[in-house]
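Participant: Any chance you can model this:
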Amino acid sequence: MSTSQTCQQYLSYECYGSMLFEYSDYAWWVSRDGVNQYYWPEADEGSRMCACGKNGNCNGTSTTCNCDNNDFQWRQDDGYLTKKDTLPVTQLNFGDVLGIEERAYFTLGKLECKGKASISTCAGLKESGNPTGYYEITPSSTVEPFSVYCDMDSYPGTGITEIDHDSSSGYIEYYDSSYNKNIQVDYDVSMDQIIAVMNVSQYCEQYIEWRCSRTGMLYNDKNWWLSRDGDKMNYWGGAAPGHDGYCGCGETGSCLPGSSYQYKCNCDYISKSDSTYRVDGGYLYDKSTLPVTGMTFSSDYYTYDYYYGYTYYYSKGYYKLGKLRCY
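Facilitator: Numbers count the residues shown, from 1 in each chain. Sure thing, here's the model as predicted:
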C-alpha cells in the first residue's frame, strides 16, 4: 500500500428493517490496526453516518443512513473506503438483526490499489495518503534504497524525512580549562544517501543546543560544529548561515543577562558568582553545510580549590543534536 498512489475497498449493507447507526452503534468495521470504525464508506471518519447522511440525500426520513429508516423496505448503503492508514478491513460487526423479519446482506470487496506513489521522499508518500512511520525510500538512482522515519503530522500538507544519528545528547564537565570535548556524529545512512534526500527536498533543518554553566560559547572560538565536508562552522542554531560569532539571541538582541551584554550568545556570559544554566539553541538550515558531522565544546573558565581538595566551581554543559529533517 505504501508504494501505491491510491487504495480502496468496497463495502455494502443491504437491509430490511435493520439499522446501522441510529439510536445505537449497531454496526462497525475494524481497521488493520484493530480499531473500531464508526462510519460507512464515503462518510467522515467517526461521524456515525453513511454517504447519504454526509451528502444530505438519504431516502425516507433518516438523516444518517438509508438503512436507519428501519421501515421494512429493502434499502442499501454502500461505497468505497479510501483511507490508506486504516485499510484493509479486518472485521465486520452487525447487531440489529434480532427481529423475526429483520434481515440484511453485506458485501466486502477486494482491496484495490493502483498508481505508483512517489517514494523519493516522505513528502511524496504523504501526498499518497500514507501515515507516519518507517518507509524505504529511493531519492536517487545513484544510491541504494534505505529506511527512514516519515513524520506525516508535524507540518500540514507535507511529510518530513527524518534521518537519525548516534549523538543526540550528552553531558560534559571540565576539569581543565584547556580541555576540548570532540564529538563525532555518525548517521544511520551514508552521506551519499543523505545528500540524495537533501537534493530532492526544498528545505532541511537540524536542531542544535548547548545548555551551559560557565563555559563560554563562540567568543574566543570555544565551541563550533562541523559541516558535512568537515569545515569548522562558527555560528550556532538560530543565527543566519555564516554569521560567525552569533547565536539566535544575538540575531534578535535578546541575549541574557541584559541589554548591556556585549556578546552574541547567552553562554558567552561567564561569572564566578553566577552558576546559572543558560541555553543557546535553534535550527541550522543551510542545505549546503548540513548535516552536522561533529561538535566541539570547550571551557573558558575553571577554578580548583587545592586547599580543600575539591572543585569550588567549574564549567559544565549539556548538548543536544536533533535529527536531520527534510521536506
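Participant: Going by C-alpha atoms from here, please, whenever you check contacts or count neighbours.
Facilitator: OK.
Participant: any idea where the strands of the stretch 51-200 of the chain begin and end?
Facilitator: Using DSSP state E, counting those that start in this stretch, the strands of the stretch 51-200 of the chain run over 74-81, 91-94, 103-116, 133-137, 146-151, 160-163, 169-174, 180-184.
Participant: What residues sit buried inside the longest helix belonging to the chain?
Facilitator: Of all the segments assigned as helix in the chain under DSSP state H, the longest by residue count is helix 191-199. Neighbour-count burial for helix 191-199, counted by 16 or more other Cα atoms under 10 Å, picks out 193, 194, 195, 196, 197, 198, 199.
Participant: Ok, stretch 38-50 next?
Facilitator: 38, 39, 40, 41, 42, 43, 48, 49, 50.
Participant: Please apply the same query to stretch 87-106.
Facilitator: For stretch 87-106, by 16+ other Cα under 10 Å, it's 87, 88, 89, 94, 96, 97, 103, 104.
Participant: Can you name the two of those that sit furthest apart?
Facilitator: 87 and 103 (26.9 Å; Cα to Cα).
Participant: Give me the mean pLDDT for stretch 32-48.
Facilitator: The pLDDT scores in stretch 32-48 average 96.
Participant: outside of that stretch, which residues touch it?
Facilitator: 10-11, 21, 25, 27-31, 49-51, 53-54, 64, 77-82, 86-90 (Cα atoms under 8 Å, 6 or more residues apart in numbering).
Participant: Look up the closest residue to residue 235, ignoring the ones flanking it.
Facilitator: Spatial nearest neighbour of residue 235, chain neighbours left out: residue 244 (4.6 Å); criterion: Cα to Cα, 6 or more residues apart in numbering.
Participant: ok, the one you found - contacts?
Facilitator: 233, 234, 235.
Participant: Contact partners for residue 122?
Facilitator: Here residue 122 is in contact with 137, 150, 151, 152, 158, 159, 160, 161, 327 (Cα under 8 Å, 6+ apart).
Participant: Include pLDDT, distance to residue 183 and neighbour count when you put the residues you listed into JSON lines, please.
Facilitator: Formatted as JSON lines, the contacts of residue 122 follow (pLDDT from 0 to 100; distance: Cα to Cα, whole Å; neighbours: other Cα atoms under 10 Å):
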{"residue": "137", "pLDDT": "92", "distance to residue 183": "29", "neighbour count": "23"}
{"residue": "150", "pLDDT": "96", "distance to residue 183": "27", "neighbour count": "26"}
{"residue": "151", "pLDDT": "97", "distance to residue 183": "27", "neighbour count": "21"}
{"residue": "152", "pLDDT": "95", "distance to residue 183": "31", "neighbour count": "22"}
{"residue": "158", "pLDDT": "93", "distance to residue 183": "32", "neighbour count": "17"}
{"residue": "159", "pLDDT": "95", "distance to residue 183": "30", "neighbour count": "26"}
{"residue": "160", "pLDDT": "97", "distance to residue 183": "26", "neighbour count": "27"}
{"residue": "161", "pLDDT": "97", "distance to residue 183": "24", "neighbour count": "26"}
{"residue": "327", "pLDDT": "95", "distance to residue 183": "27", "neighbour count": "22"}
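Participant: farthest pair in these?
Facilitator: Across the contacts of residue 122 (Cα to Cα), the longest gap, 15.6 Å, separates 137 and 158.
Participant: Enumerate every residue touching the nearest residue to residue 82 once chain neighbours are set aside.
Facilitator: Using Cα to Cα, 6+ apart and skipping the chain neighbours, the partner closest in space to residue 82 is residue 8 (4.5 Å). Contacts for residue 8 were tallied using Cα under 8 Å, 6+ apart; they are 80, 81, 82, 83, 84, 87, 111, 112, 113.
Participant: Report the secondary structure state of residue 8.
Facilitator: strand (DSSP: H, G, I helix; E, B strand; the rest coil).
Participant: going forward can the numbers begin at 529, since that is how I track them
Facilitator: Done: numbering now begins at 529, and the last item shifts to residue 536.
Participant: so what pLDDT did it get?
Facilitator: Per the predicted model, pLDDT is 95 at residue 536.
Participant: Now do the helices in the protein.
Facilitator: Using DSSP H, the helices of the chain run over 579-583, 650-655, 719-727, 776-780.
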